[in-house]
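Visitor: A predicted structure for the sequence below; I have some questions about it.
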Amino acid sequence: MSRESRMLAGILLVVLSTVMFGGLAIAAILIPAAFFLSVVSPTATEPNALMNLAYIGALFLAAGVLSCGVDLLRAARRMEP
């Protein structure tokens with residue numbers, strides 16, 4: 001397998017596993033909590049302000065994906081012959 005293929009495979013594995021596990025564990029809690037807690041009231045017709053937790057969770061998720069990608073690219077650069 002070429003160096004480029006290994007690097008792409010590593011990037012995909014890190015990104016997919018990061019998304020699957022919520023980036024940082026906080027994102028895995030905040031995003032579902034936002035969806036469930038924003039409509040707790042039986043008479044709710046639209047989400048309340050707790051829906052903003054989803055945006056905060058998305059920021060944590062993006063930070064996790066970005067940091068993993070940067071670290072992987074740095075490691076690949078160190079492995080150059």
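Guide: That came in fine, so what should we check first?
Visitor: please count neighbours and contacts with C-alpha atoms only from this point.
Guide: OK.
Visitor: regarding the residue nearest in space to the middle of the chain, what is its secondary structure?
Guide: Residue closest to the mean C-alpha point of the chain, counted by C-alpha atoms, centre = their mean, is residue 61 at 2.9 Å. Here residue 61 is recorded as helix under DSSP: H, G, I helix; E, B strand; the rest coil.
Visitor: for residue 78, see how far away it is.
Guide: To residue 78, residue 61 is 26 Å away according to C-alpha to C-alpha, to the nearest Å.
Visitor: now do the residue nearest to the centre of the chain, the pLDDT please.
Guide: Here, the pLDDT recorded for residue 61 equals 78.
Visitor: repeat that for residue 21.
Guide: pLDDT at residue 21 comes out at 59.
Visitor: any idea which helix or strand comes after the lowest-mean-pLDDT helix or strand in the chain?
Guide: Within the chain, no helix or strand scores below helix 3-20, which has a mean of 70 by mean pLDDT, DSSP states H and E. Using DSSP states H and E, the helix or strand that directly follows helix 3-20 along the chain is helix 25-37.
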